Structure formats: C-alpha cells, structure tokens
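# fold the stuff below for me.
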Amino acid sequence: MLDVDQRREYWRRNVRLMSVLLVIWALVSFGAGILFVDALNAVSIFGIPLGFWFAQQGAIIVFVLLIAFYVWRMDKLDAEFGITEYEQEVHHQ
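Numbers count the residues shown, from 1 in each chain. Next up is the predicted model:
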C-alpha cells in the first residue's frame, strides 16, 4: 500500500506524462494539420501533400502511437511503485 507522499508522486508523474503527450498530440493534429499545412504541403509523399496527409492520417497514427507509449510508460511507473492491475484493495480514508 502506498503512503500519501508516494501517491502524490505517482499522480504527479502520471499527470506530467499525460500533459506532455497531449501537447505532442495537439501540436501534431492542430499544428501540422491546420497551422502549418501550407508549408507542409510543399513536401509530397507518394504524390500526396504532407499537410493533407497529416490532417487525414498522420494525426490519427500519432495519436495511436502516443496511446501505446502511454501504456508502456505507465506499466513501468506502476512497476516502480509496486502497483498491479489486479490489485483489488479498497482504501478508505
């Protein structure tokens, strides 16, 4: 069982990770797909403008990769703090 300081540290690190990943996702989806689309369209991948590709496919692919990274990193964080998925303990305070 985690004490109060360990819980705070766990959630602080969890929120920091989520914040970083959400910023990356926002930059990719909004930035690459909307703000920088004209500059990115100067580059083509297989004849498809890069800005269009990011708006249609790239942001979704990056989002799925960020989810996979989050799951991998949280598994490591859970192991570091001794938390298991199957922990059925209920804490009343």
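
# when you work out contacts or count neighbours from here on, use the C-alpha atoms and nothing else.
Noted.

# next, the buried residues of stretch 6-18.
By 16 or more other CA atoms under 10 Å, the buried positions in stretch 6-18 come out as Tyr10, Asn14.

# begin at 874 from now on, thanks
Will do, 874 is the new start, and the previous item becomes stretch 879-891.

# for it, the distance to its chain's centre please.
On the basis of CA atoms, centre = their mean, to the nearest Å, stretch 879-891 sits 14 Å off its chain's mean C-alpha point.

# likewise stretch 941-960?
15 Å.

# tell me the contacts of the residue most central in space within the chain?
The centroid of the chain falls nearest to Leu894 when counting by CA atoms, centre = their mean (3.4 Å). Taking CA atoms under 8 Å, 6 or more residues apart in numbering, we find Leu894 in contact with Leu939, Tyr943.

# and it, how far from Gly924?
Separation of Leu894 from Gly924 (CA to CA, to the nearest Å) stands at 21 Å.

# what residue ranges in the chain score low on pLDDT?
Counting by pLDDT under 70, the ranges of the chain that qualify are 959-966.

# returning to what we had before: so how far is Val944 from the residue nearest to the centre of the chain?
12 Å.

# next: Ala928.
Relative to Val944, and taking CA to CA, Ala928 is found at 25 Å.

# also Gln929?
The value you get for Gln929 to Val944, if CA to CA is used, is 24 Å.

# now swap in Phe909 and tell me
29 Å.

# again with Asp878
23 Å.

# ok, these two, which is more surrounded?
Higher neighbour count among Asp878 and Val944: Val944, with 12 against 8, using other CA atoms under 10 Å.

# quick one: that one from Met874, how far?
Taken as CA to CA, the span from Val944 to Met874 is 22 Å.

# in this protein, which spans are helices?
877-899, 910-913, 923-926, 932-954 (DSSP state H).

# out of the ones you listed, which is the most enclosed?
helix 923-926 (a mean of 20; mean count of other CA atoms under 10 Å).

# could I get the contacting residues of Val893?
Contact analysis of Val893 by CA under 8 Å, 6+ apart lists nothing.

# may I have the distance across stretch 916-934, first residue to last?
Stretch 916-934 stretches 19 Å from its first residue to its last (CA to CA).
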